[in-house]
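1. okay, here's the prediction I keep looking at, along with the sequence it came from:
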Amino acid sequence: QSALTQPRSVSGSPGQSVSISCTGTSSDVGGYKYVSWYQQHPGKAPKLMIYDVTQRPSGVPERFSGSKSGNTASLTISGLQAEDEAEYYCCSSVGTLIFGGGTTLTVL
Amino acid sequence: EVQLVQSGAEVREPGESLRISCKASGYTFTSYWINWVRQMPGKGLEFVGRIDASDSYSTYSPSFQGHVTISIDKSLATAYLQWSSLKASDSAIYYCARADSGYGVDWGQGTLVTVSS
């Protein structure tokens, strides 16, 4: 199973919205609701931000949202803040776990 | 408060064995799976495998099958990841995570493994 495809980097200014895409196949992203997103700051452990495509764990700000269309899932961060600058990974949890390659979010 | 505390950094030579640990607290250990995830230097996350803490049933990513072993000790609420013969390419940070419906909801701080002659 191949890694999911994410853009290597995205950027935005404080207050703006950015979206990160995650493309898989009908056997993973497109076929099931088991898509999640993780945030990782340098030197830190990953943190779950979105699960089941659209659900936010307790404590995750509402400005983080998830969606899916066909074989592509997306993470959208609205009202960008400096602390959002991090690496973001999507993940499909169908059977085994498959991660995307990661996207570096830069807050300008 | 849920906590996963991993063992400290390790340095080994190629061919040596190693076991790293992940001690859980703050929840019922046997009610969740534990995932193990690798992160090579400057690279992304890779799923290693996972174990059901209720019955020790484990599954592995094909990339790691046969090279690592995941186990638990219920009495210590601790999960383990072990190698019988390390390679230089095993050098990485390894994270454990409490898994709820497959999702890593709580993570350990990571264990750096360095394999070098």
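-> Happy to help now that I have it. Since this is a predicted model, take the numbers as computed values, not measurements.
2. specify the beta-bridge partners of residue 103.
-> Since no chain was named, I'll use chain A. Following DSSP bridges, residue A:103 is listed with bridge partners residue A:88.
3. sorry, should have said chain B
-> Bridge pairing for residue B:103 - DSSP bridges - gives residue B:100.
4. let's see the pLDDT reported for residue B:115.
-> pLDDT recorded at residue B:115 is 98.
5. mind listing what residue B:97 touches?
-> Residues counted as contacts of residue B:97 (C-beta atoms under 8 Å, 6 or more residues apart in numbering or on different chains) are A:46, B:4, B:34-37, B:104-108. Every C-beta, even on glycine, is put in place using the N, C-alpha and C of the backbone.
6. need the contact list for the residue nearest to it when sequence neighbours are not counted.
-> Computed as C-beta to C-beta, 6 or more residues apart in numbering or on different chains, the closest residue to residue B:97 that is not its neighbour in sequence is residue B:104, at 3.3 Å. Counting by C-beta under 8 Å, 6+ apart, residue B:104 touches A:38, A:46, A:48, B:35, B:37, B:97-98.
7. buried ones among those residues?
-> A:38, A:46, A:48, B:35, B:37, B:97-98 (16 or more other C-beta atoms under 10 Å in any protein chain shown).
8. close to chain A: what parts of chain B are there?
-> B:35, B:37, B:44-47, B:50, B:59, B:61-62, B:95, B:97, B:101-105, B:107-110 (C-beta under 8 Å from any C-beta of the partner chain).
9. now residue 80: which helix or strand?
-> This is for chain A. Residue A:80 is located outside every helix and strand, with elements delineated by DSSP states H and E.
10. let me rephrase: I mean chain B.
-> strand B:78-83.
11. what's around residue A:99, how many residues?
-> Counted with other C-beta atoms under 10 Å in any protein chain shown, residues neighbouring residue A:99 total 22.
12. just to be sure, it is in a helix?
-> No: secondary structure of residue A:99 (DSSP: H, G, I helix; E, B strand; the rest coil): strand, not part of a helix.
13. how about the nearest residue to it, chain neighbours excluded?
-> residue B:45 (4.5 Å).
14. what bridges to residue 72?
-> Just going to use chain A. residue A:23, residue A:69.
15. that's the wrong chain, I wanted chain B
-> residue B:79.
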